[in-house]
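Participant: give the three-dimensional model of this entry:
(2 chains)
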Amino acid sequence: MARQAHAYHMVDPSPWPLTGATAALLLTSGLAVWFHYHSTTLMTLGLILMLLTMYQWWRDIVREGTYMGHHTPPVQKGLRYGMIPFITSEVFFFLGFFWAFFHSSLAPTPELGGCWPPTGITPLDPFEVPLLNTAVLLASGVTVTWAHHSLMEGQRKEAIQSLALTILLGCYFTTLQAMEYYEAPFTIADGVYGSTFFVATGFHGLHVIIGTSFLAGICLLRQIKYHFTSQHHFGFEAAAWYWHFVDVVWLFLYVSIYWWGS
Amino acid sequence: MRLGPTATVARRAFASAAAGHGSHEGGGKTWKVLSFVVALPGVAVCMLNAYIKKQHHSHDSPPFTAYSHLRIRTKPFPWGDGNHTLFHNPHTNPLPTGFEGPHH
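Facilitator: As a prediction, the model looks like this:
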């Protein structure tokens, strides 16, 4: 092999961008087919291809970073510079839902009764389970920082324990939200209140599930398998950034939709 | 590199400060204490609060009114009979025609 005189990662050709793009096309067209023709075949196909792509692409990256030594400090810097615009784009994704919510709630139309919450809507009490959910997510933000410090100090056992605790709190949040969804006296079909509520909190819930998987299925497993060192653990940091982002989105959801909006 | 005594002292101070920052001794302990003394008790208090408030709930749903801005069905849902939402609860979610079952 030729000697490489720089620290950058020259990636090998990979099929995953192609299978990922195919999965995206199948998933979107599959969703449209499901909505219009009530057939889930194409969507399921897209979902399977997407999950296979995610698994294999990230498996390759873990191999390149952990075993092949491609993630040199400048490459890690590049990974950081990639994660920042990704989370920024997620911020704007949620900004759209907040815009829809405030557009509808600040000047409620006569059709809604000219009030917010609209006539006939009984909102959830923000100081019951939603407050508990706020405490759960804030607590998980503390435990994930404990995990990060344990990792940096080489406290292997404590890092595993605190990471597991963070994941448990994430699962607890998801369970509570599922119960709230079932108990809610309104549905996604209850006008603009229902649609703004369930689209915003639903996408947030999806992000909590993704964040929990990132922490549990990838970071905890990799920590147990000795992939992380006290100096090199960007995969964990990316998951922690993502988790804090999900936490902050919840605070905005809680204050505006659950509290002010009720 | 030759340095005067002042520069050497300053450099040593910077080096030890950087080392102290880098090893981060105690950071893990602080966050562990915060987890067990602040975060988790906070969750416990909120659990208790949610539980106590739930006890005072009345189980009566408000009487059904067929508002045109609620229970919207412009086309059937792609699941089930197309008339029930994904998290449908027969006790709290009426259909466009009213609650299902005899008890309402």
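Participant: shaky segments in the chain?
Facilitator: Because you didn't say which chain, this covers chain A. Low-confidence segments of chain A, defined by pLDDT under 70, span residues A:1.
Participant: should've been chain B
Facilitator: Applying pLDDT under 70 to chain B picks out residues B:1-25, B:102-104.
Participant: quick one, what contacts the residue positioned nearest the centre of chain B?
Facilitator: For chain B, residue B:43 is the residue whose C-alpha lies nearest the centre (C-alpha atoms, centre = their mean; 10.5 Å). When the contact criterion is C-beta atoms under 8 Å, 6 or more residues apart in numbering or on different chains, the partners of residue B:43 are A:132, A:135-136, A:139, A:169. In short, each C-beta sits where N, CA and C put it, glycine included.
Participant: secondary structure class for it?
Facilitator: Three-state call for residue B:43 (DSSP: H, G, I helix; E, B strand; the rest coil): helix.
Participant: what about the helices in chain A?
Facilitator: In chain order, chain A shows helices spanning A:16-37, A:41-62, A:73-106, A:129-152, A:156-183, A:191-213, A:221-224, A:234-253, with DSSP state H as the criterion.
Participant: and the first one, anywhere near chain B?
Facilitator: Spelled out, it's helix A:16-37. Yes - legend: contact between helix A:16-37 and chain B by C-beta under 8 Å from any C-beta of the partner chain is shown at A:34-35.
Participant: helix A:41-62 and that helix, what's the angle between them?
Facilitator: 160 degrees (axes from the mean of the first three to the mean of the last three C-alpha atoms, to 10 degrees).
Participant: hey, C-alpha coordinates of helix A:16-37 in PDB?
Facilitator: This file holds the C-alpha atoms of helix A:16-37, laid out as PDB (Å, rounded to 0.1, in the frame of the first residue of the first chain):
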ATOM      1  CA  TRP A  16     -24.800   2.000   1.500                       C
ATOM      2  CA  PRO A  17     -25.400   5.500   0.000                       C
ATOM      3  CA  LEU A  18     -27.100   3.800  -2.900                       C
ATOM      4  CA  THR A  19     -29.200   1.400  -0.800                       C
ATOM      5  CA  GLY A  20     -30.000   4.300   1.600                       C
ATOM      6  CA  ALA A  21     -31.300   6.400  -1.300                       C
ATOM      7  CA  THR A  22     -33.300   3.500  -2.600                       C
ATOM      8  CA  ALA A  23     -34.800   2.900   0.900                       C
ATOM      9  CA  ALA A  24     -35.700   6.600   1.100                       C
ATOM     10  CA  LEU A  25     -37.500   6.400  -2.300                       C
ATOM     11  CA  LEU A  26     -39.300   3.200  -1.300                       C
ATOM     12  CA  LEU A  27     -40.300   4.500   2.100                       C
ATOM     13  CA  THR A  28     -41.800   7.800   0.800                       C
ATOM     14  CA  SER A  29     -43.600   6.200  -2.200                       C
ATOM     15  CA  GLY A  30     -44.600   3.300   0.100                       C
ATOM     16  CA  LEU A  31     -46.200   5.700   2.600                       C
ATOM     17  CA  ALA A  32     -48.200   7.300  -0.300                       C
ATOM     18  CA  VAL A  33     -49.300   3.900  -1.500                       C
ATOM     19  CA  TRP A  34     -50.400   3.000   2.100                       C
ATOM     20  CA  PHE A  35     -52.400   6.200   2.400                       C
ATOM     21  CA  HIS A  36     -54.100   5.900  -0.900                       C
ATOM     22  CA  TYR A  37     -54.400   2.100  -1.600                       C
END
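Participant: show me what that helix is packed against.
Facilitator: On a contact count with 3 or more C-beta pairs under 8 Å, 6 or more residues apart in numbering or on different chains; DSSP states H and E, helix A:16-37 meets helix A:41-62.
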